[in-house]
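Participant: show me how the following folds:
(one chain, ligands or ions: 1)
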Amino acid sequence: MKIAFVASECFPYVKTGGLGDVVGSLPKALEEEGCVVKLFLPLYSGIKTEQHNIKPFEEFKDIPIRIGDNEVTFNLMHAILPDTSVDVYFIDCPKYFDREKPYTNDPDEDERFILFQLAVIETLQRMKWAPDIIHCNDWQTSLLPVYLKTNYKWDKLFENTKTLLSIHNIGYQGRFSGMSVHNAGLSYSEYYPGGSYELDNTFCFLKAGILFSEIITTVSPTYAEEIQTEEFGAGMEGILELRKDDLYGVLNGIDSEIWSPETDKFIPFRYTFKGLKNKRKCKMDLVKEAKFDYQENVPVIGIISRFAGQKGFDLMFPIADELMSLPVQWIILGSGDDRTESFFEQLAEKYPEKLNAYIGYNNRLAHYITAGCDMFLMPSQYEPCGLNQMYCLNYGTVPVVRKTGGLADTVKDYHETDENGNGFSFKDFTSYALYSTIERAVYMFKDVKVWKEIMKRGMKEDFSWKHSAKEYMRLYGKAIESK
Ligand code: ADP
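Facilitator: Down below sits the predicted model:
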């Protein structure tokens, strides 16, 4: 099967969150299952072309694309995804991608990803490569299914090409003004209240993608159910209802070559579930780096996150002092909204012996925290899949999570009546539920034997991509069979 995989980020080139990890690892797993995968990404100015051996691609230079009334040109660059034979094509267009960050609030945000998508189609045409499937990811790529069925319907090259759209987070929908329909070169015939491009008076890329793609997936079975409800659907539940027979939840996998305590390049001591002494050494090192006193029986709780409302840290605000009175040391890594950044900064100032906060993005530290902590907190209000809890489970770092989305699918609560749990979880999105669950986990931590069993159960879980890659191939097959 030939797959064009199109996305707005991909590790190791550019990553802002879980999407980057998925795009960096799923193509590899698909290739192992026998697919031919070509990956398409924007060439943001932050991507280090020399370091990643990204080179100009043949004669694909100064290719014109019409955006609204203007003509913009792009060049094509190429690399091979590390440890694979996957071709990675970068759409190079400094006018749109020479910005401080991959995603912006700039007034031309729609144009940036319209250019990207049109450039992908243009590239496929010039390469004369007809994929069986275009696998789209999130709103930045969700006009591709629309283009294939409208502006590019004439092209016989795409006669048998079908589309699958993966929703990694329904909270991000790509909503723009009606002017954007013109920028996209689409017909206004579908832009009217309730029309396929329209949602609440905006041109909604994601809605259009949901309605035009053959198959829609999201990144965990529980989230697939949740987004069909008003509470989690972010206004998209009615549209998903229309496509519910073609909507599937496929749990993300993890790249065990990058995220395994046995081989991790970033941690000072490597380990497996057969010998946990080195995990203790990782904890000692981490605690030293945080300038805390090492205490064997005081658990270290880690947080690594984007700071956004979705992640649930607001629950900690009203109970901060109570949390700091628990016998726990905290290590926080994250960045995002100002409120959460200053909350953790202030706590670190007030309780320097208890809480260490690194505000920013730091891949090495993320690995270090994952290995060195005893527990890991994810109190998410919603969580499409979540990767950190899976990394932590495999590193013997026990997750404490809110039972939602992918967290509900991967973390099984340990409690006295069910001793098969691999972590701790709570259902009510309240500060009280959060506090009492942390308290429960801290209490169980004292029982060294039980704790080791909880850790080992997590370390033995198999979150590799193999199973999910097979599931995607089954869904590609369904898309191909569809009329
Ligand atoms: P989301 O995609 O919503 O951000 P996920 O749990 O799916 O959440 O994925 C987050 C990924 O981003 C993980 O690989 C995590 O380690 C990484 N990450 C998040 N924040 C940081 C940070 N400040 N520094 C380094 N890595 C981070």
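
Participant: list the contacts of whatever residue of the chain ends up closest to the ligand.
Facilitator: Across the chain, the shortest distance to the ligand (Cβ to the nearest ligand atom) belongs to Gly18, at 2.2 Å. Where you see a C-beta, it was placed from the backbone N, CA and C, and this is true even at glycine. Residues near Gly18 by Cβ atoms under 8 Å, 6 or more residues apart in numbering: 168, 219, 252, 384-387.

Participant: hmm, try it at 6 Å
Facilitator: Shown in contact with Gly18 (Cβ atoms under 6 Å, 6 or more residues apart in numbering): Leu387.

Participant: and if you look at His78?
Facilitator: By Cβ under 6 Å, 6+ apart, the neighbours of His78 are 55, 57, 89.

Participant: give the buried residues for the helix or strand harbouring Thr370.
Facilitator: Here Thr370, judged by DSSP states H and E, is contained in helix 363-372. Within helix 363-372, the residues scored as buried using 16 or more other Cβ atoms under 10 Å are 365-372.

Participant: please apply the same query to stretch 186-197.
Facilitator: 186, 190-191, 195-197.

Participant: just these now: which is nearest Tyr96?
Facilitator: Within those, the smallest distance to Tyr96 is 18.5 Å, found for Leu186 (Cβ to Cβ).

Participant: ok, that closest one to Val146 distance?
Facilitator: 7 Å (Cβ to Cβ, to the nearest Å).

Participant: any chance of CSV for the buried residues of stretch 186-197, columns pLDDT and secondary structure?
Facilitator: Formatted as CSV, these follow (pLDDT from 0 to 100; DSSP: H, G, I helix; E, B strand; the rest coil):
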residue, pLDDT, secondary structure
Leu186, 98, coil
Glu190, 96, helix
Tyr191, 98, coil
Gly195, 97, coil
Ser196, 97, coil
Tyr197, 98, coil
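
Participant: intersect these with the contacts of the ligand.
Facilitator: The subset of the buried residues of stretch 186-197 lying close to the ligand, counting by Cβ under 6 Å from any ligand atom, is empty.

Participant: those: which two are farthest apart?
Facilitator: Maximum distance among the buried residues of stretch 186-197 (Cβ to Cβ): 11.0 Å, for Leu186 and Gly195.

Participant: for Leu81, what are its contacts?
Facilitator: With Cβ under 6 Å, 6+ apart, Leu81 has these contacts: Val88.

Participant: tell me, how many residues neighbour the closest residue to Gln140 other than its chain neighbours?
Facilitator: Excluding the flanking residues, the one nearest Gln140 by Cβ to Cβ, 6 or more residues apart in numbering is Ser8, at 4.0 Å. The local packing of Ser8 (other Cβ atoms under 10 Å) involves 24 other residues.

Participant: distance of Ser8 from Ser166?
Facilitator: 12 Å.

Participant: identify the bridge partners of Val36.
Facilitator: With DSSP bridges applied, Val36 shows beta-bridge pairing to Lys2.

Participant: my guess is it meets Ala4, correct?
Facilitator: No - between Val36 and Ala4 there is no contact under Cβ atoms under 6 Å: 9.8 Å.

Participant: comparing these two, which residue is more hemmed in?
Facilitator: Ala4 (25 against 16).

Participant: confirm that that one sits in a helix.
Facilitator: No - counting by DSSP: H, G, I helix; E, B strand; the rest coil, Ala4 falls outside a helix, being strand.

Participant: now do the contacts for it.
Facilitator: If a contact means Cβ under 6 Å, 6+ apart, then Ala4 has 38, 131, 134 as its contacts.

Participant: repeat that with 10 Å
Facilitator: Applying Cβ atoms under 10 Å, 6 or more residues apart in numbering, we find Ala4 in contact with 36-40, 89, 120-121, 123-124, 129-136, 144, 161, 163.

Participant: OK, contacts around the spatially closest residue to it that is not a sequence neighbour?
Facilitator: In space, Ala4 comes closest to Pro131 once its chain neighbours are excluded; the distance is 4.0 Å by Cβ to Cβ, 6+ apart. Pro131 makes contact with 1-6, 36-38, 124, 157-158, 160-163 under the criterion Cβ under 10 Å, 6+ apart.

Participant: which of the residues you listed sits closest to Lys412?
Facilitator: Phe5 (31.7 Å).

Participant: from what I can see that closest one touches Asn137, true?
Facilitator: Yes - Phe5 lies in contact with Asn137 (Cβ atoms under 10 Å); the separation is 7.9 Å.

Participant: anything in stretch 21-34 near the ligand?
Facilitator: Yes - remark: stretch 21-34 sits within contact range of the ligand at Asp21, by Cβ under 6 Å from any ligand atom.

Participant: quick one, phi/psi of Lys281?
Facilitator: Backbone torsions for Lys281, taken as degrees, to the nearest 10, come to phi -60, psi -40.

Participant: burial check on it, number of neighbours?
Facilitator: Neighbour number of Lys281 under other Cβ under 10 Å is 16.

Participant: so it sits against Gly372, correct?
Facilitator: Yes - using Cβ under 10 Å, Lys281 is in contact with Gly372, at 9.0 Å.

Participant: wasn't Leu148 part of a helix?
Facilitator: Yes - secondary structure of Leu148 (three-state DSSP): part of a helix.

Participant: look up how far Leu76 lies from it.
Facilitator: Taking Cβ to Cβ, one finds Leu148 at 20 Å from Leu76.

Participant: try Val411
Facilitator: Taken as Cβ to Cβ, the span from Val411 to Leu76 is 42 Å.

Participant: of these two, who's got more company?
Facilitator: With neighbours defined as other Cβ under 10 Å, Val411 and Leu76 compare such that Val411 has more, 27 against 22.

Participant: which residues sit in contact with that one?
Facilitator: 378, 386, 389-390, 392-393, 398-403, 421-425, 458, 461.

Participant: per-residue confidence for Glu58?
Facilitator: pLDDT, Glu58: 86.

Participant: which ones are touching it?
Facilitator: With Cβ under 10 Å, 6+ apart, Glu58 has these contacts: 76, 78, 126-127.

Participant: pull the most distant pair out of the residues you listed.
Facilitator: Most distant of the contacts of Glu58, by Cβ to Cβ, are His78 and Arg126, 13.1 Å apart.

Participant: between these two, which contacts overlap?
Facilitator: Common contact partners of His78 and Arg126 (Cβ under 10 Å, 6+ apart): 58, 60.

Participant: mind listing what Asp255 touches?
Facilitator: Applying Cβ under 10 Å, 6+ apart, the residues near Asp255 are 11, 21-22, 24-26, 28-29, 83, 387, 391, 463-465.

Participant: format those as JSON lines; extra columns: pLDDT, neighbour count and secondary structure.
Facilitator: As requested, these are exported to JSON lines (pLDDT from 0 to 100; neighbours: other Cβ atoms under 10 Å; DSSP: H, G, I helix; E, B strand; the rest coil):
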{"residue": "Phe11", "pLDDT": "96", "neighbour count": "19", "secondary structure": "coil"}
{"residue": "Asp21", "pLDDT": "93", "neighbour count": "22", "secondary structure": "helix"}
{"residue": "Val22", "pLDDT": "95", "neighbour count": "27", "secondary structure": "helix"}
{"residue": "Gly24", "pLDDT": "96", "neighbour count": "23", "secondary structure": "helix"}
{"residue": "Ser25", "pLDDT": "95", "neighbour count": "26", "secondary structure": "helix"}
{"residue": "Leu26", "pLDDT": "97", "neighbour count": "27", "secondary structure": "helix"}
{"residue": "Lys28", "pLDDT": "96", "neighbour count": "19", "secondary structure": "helix"}
{"residue": "Ala29", "pLDDT": "96", "neighbour count": "22", "secondary structure": "helix"}
{"residue": "Asp83", "pLDDT": "93", "neighbour count": "11", "secondary structure": "coil"}
{"residue": "Leu387", "pLDDT": "95", "neighbour count": "25", "secondary structure": "coil"}
{"residue": "Tyr391", "pLDDT": "97", "neighbour count": "27", "secondary structure": "helix"}
{"residue": "Phe463", "pLDDT": "96", "neighbour count": "22", "secondary structure": "coil"}
{"residue": "Ser464", "pLDDT": "93", "neighbour count": "17", "secondary structure": "coil"}
{"residue": "Trp465", "pLDDT": "94", "neighbour count": "24", "secondary structure": "coil"}
